[in-house]
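Visitor: Structural data only, the sequence is not supplied:
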């Protein structure tokens, strides 16, 4: 194998985020329309490297993905040891807006998956004027916890293994083996209590069922893409959001809850028509 570098660059951004100093890790590739990508609960921005290495995407879009605080290469803020991490919809929205401002990107496209797909609905409801378009991957208005969250942060079990075990069934059974296990590896590296803290938003605080009908897709186009094998955000839940908002919806065959990392090639085949539509806006 001949040594080569990927066209992906990674840097650390120092900024005040949510009222505290942070050191945030950001990866990017490409040029053109900014496409700000939001990773899933308990994981990090590595999930989007397939997009960053695909010239069909990066020829016209500047793909940007950041590790949220507490995730991946972004450390928690100073004093983290005295608190429990817990993601809220208010702080999640604020985080995205503050990072976009710090990066100086005007009216980006935001694409998020899982918790990122949920927060996209909050952005569409609260700040449609800030974005060129919004893309929700595995996006539902609410998801009940279907397992005991207490197991995700216990001193007597391996947290990373439990987190990976919880989500393992959400990867499509037809996903390529290497990408399947890389997706789970990201979860095995999650910090103690981080996945549990993200799921506070996903199962409780981020419930937006009572406001979905107020989303106006004429103010900001909304595109929804969900994998057929996803039983956390089901196809039915995504279609319900689309019916209530007028958003474009696609159910992706052969994909699960982590489409961009479990099978990047197949996912990108579904994403490219959406990106072309956004370019024409």
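Guide: Nice, I can see it. Everything quoted here is computed from the prediction, not taken from an experiment. Numbering: from 1, shown residues only.
Visitor: Specify the local secondary structure of residue 277.
Guide: helix (DSSP: H, G, I helix; E, B strand; the rest coil).
Visitor: Tell me if I'm right that residue 174 and residue 254 touch.
Guide: Yes - applying C-beta atoms under 8 Å as the test, residue 174 and residue 254 come out as touching, 5.3 Å apart. All C-beta atoms are positioned from the backbone trio N, CA, C, and that covers glycine.
Visitor: higher neighbour count, the two?
Guide: Of the pair residue 174 and residue 254, residue 254 is the one with more neighbours under other C-beta atoms under 10 Å, namely 17 against 14.
Visitor: For the more buried one, grab phi and psi.
Guide: Here the main-chain torsion angles of residue 254 (degrees, to the nearest 10) amount to phi 80, psi 10.
Visitor: Please look at it and residue 176 and confirm they touch.
Guide: No - counting by C-beta under 8 Å, residue 254 stays clear of residue 176, with 10.7 Å between them.
Visitor: shared neighbours of these two, anything?
Guide: Shared contacts of residue 254 and residue 176, defined by C-beta atoms under 8 Å, 6 or more residues apart in numbering, are found at residue 263.
Visitor: looking at this protein, which helix or strand does the model trust least?
Guide: Within the chain, judged by mean pLDDT, DSSP states H and E, the helix or strand with the poorest mean is helix 159-167; its value is a mean of 92.
Visitor: Assign residue 224 to helix, strand or coil.
Guide: strand.
Visitor: do you know how far it is from residue 126?
Guide: Residue 224 sits 18 Å away from residue 126 when distances are taken as C-beta to C-beta, to the nearest Å.
Visitor: out of these two, which sits in the busier spot?
Guide: residue 224 (27 against 17).
Visitor: Show me what the more buried one bridges to in the sheet.
Guide: residue 136, residue 249 (DSSP bridges).
Visitor: ok, now residue 22?
Guide: residue 15.
Visitor: That one: neighbour count?
Guide: 22.
Visitor: In contact with it, which residues?
Guide: Contacts of residue 22 by C-beta under 8 Å, 6+ apart are 14-16, 69, 74, 77.
Visitor: Show the secondary-structure elements that the helix or strand following the least confident helix or strand of the chain is packed against.
Guide: Sequence-wise, the next helix or strand downstream of helix 159-167 (DSSP states H and E) is helix 177-188. For helix 177-188, the packing partners by 3 or more C-beta pairs under 8 Å, 6 or more residues apart in numbering; DSSP states H and E come out as helix 159-167, helix 259-262.
Visitor: Please identify which of those is closest to residue 24.
Guide: Residue 24 lies closest to helix 259-262 among those, at 20.1 Å (C-beta to C-beta).
Visitor: Now do the phi/psi pair for the nearest residue to residue 270 once chain neighbours are set aside.
Guide: Leaving aside its sequence neighbours, residue 270 sits nearest to residue 252 (C-beta to C-beta, 6 or more residues apart in numbering; 4.9 Å). According to degrees, to the nearest 10, the main-chain angles of residue 252 amount to phi -90, psi 120.
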